[in-house]
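1. The following comprises the amino acid sequence and a computationally predicted model.
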Amino acid sequence: MNILIVDDEPLARVRLKRLLTNSQTIRLLGEASNGREALQLAKKQIPDLVFLDVDMPGMSGLEVAKELNFSAVPPAIIFTTAHPEHALDAIGLNAAGYLVKPISEQSLQKAIEQLGRLTRVQVQKQHMNKISYQLAGTLKSIEMKSIFYFSAEEKYTKIVFEEGDALIEQSLKQLEALYQTFILRIHRNTLVNRSKIIALHSQSNGHHVIQLQGCDELLPVSRRELRAVKDAL
């Protein structure tokens, strides 16, 4: 399990690293002393688990957790703090665990055991009903049920949904792997929302198009994907 440690206190980071040395399943990717640094590291390293201090100057751990939850592949989060009253806030952010300082080896081991055999992809399932994107510097999210389709747009992927459209950095291949139960490939450049499919239409020229509920566009189906589309229907 790949982890990040985030705490503004150097001694707290040292103690946690020492306690984690006994675990053969843990691989430390890095450590951060503040919220912004934590987000940068998480984006670069894509950890499975983040040990996150709640009480940090500037950007608090709770604020960091909210940002991490919008990641395309959000990590599991175990909060660490000297103030137990933050527990309810942590629960509201789908925390995988909560450790009160000073952290004991026993409490740490119990928190790790509670994660069991969860992988990053399995933890992610609680976030799978949404996809995040940036708009004018603001992080927003779309519920999967409102998305019509994804199409490749040079270096980006275009999401077309009920309220409009947006660009994201994830490729169609990455989206297909992450959201395979929700989406269906109909063309090398197009993925559609399975739940939106109404019908597959054949045209006079021998080509086929997909009709989606609430979407005015008829999307072309490639010959290569036609069999898979028919099987899905």
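-> Nice, thanks for sending it over. Numbering: from 1, shown residues only.
2. so what are the domain limits for this structure?
-> Structural domains annotated on the chain: 2-125, 145-232, as defined by automatic domain parsing.
3. Span of the last one from start to end?
-> What it means is domain 145-232. One end of domain 145-232 to the other measures 18 Å (CA to CA, to the nearest Å).
4. Equivalent analysis for stretch 192-203, please.
-> Terminal residues of stretch 192-203 are spaced 19 Å apart (CA to CA).
5. Let me know the average pLDDT across that stretch.
-> Stretch 192-203 comes out with an average pLDDT of 94.
6. tell me which helix or strand of the protein sits lowest on mean pLDDT?
-> In the chain, the helix or strand scored least confidently by mean pLDDT, DSSP states H and E is helix 120-123, which has a mean of 50.
7. which strands and helices sit next to the helix or strand following that one?
-> Per DSSP states H and E, the first helix or strand lying C-terminal to helix 120-123 is strand 130-135. Counting contacts by 3 or more CB pairs under 8 Å, 6 or more residues apart in numbering; DSSP states H and E, strand 130-135 packs against strand 138-143, strand 164-168. Bear in mind the C-beta positions are built from the backbone N, C-alpha and C, glycine included.
8. residues of the shortest one that come out buried?
-> Buried positions in strand 164-168, judged by neighbour count with 16 or more other CB atoms under 10 Å: 166, 168.
9. what lines up beside it in the sheet?
-> Next to strand 164-168 in the sheet, as set by DSSP bridges, lie strand 156-161 (antiparallel).
10. relative orientation of the strand it pairs with and strand 138-143 in degrees?
-> Between strand 156-161 and strand 138-143, the angle comes out at 60 degrees (axes from the mean of the first three to the mean of the last three CA atoms, to 10 degrees).
11. and strand 156-161, which residues are buried?
-> Buried residues in strand 156-161, counted by 16+ other CB under 10 Å: 157, 158, 159, 160, 161.
12. which two in these are spaced the farthest apart?
-> 157 and 161 (12.6 Å; CB to CB).
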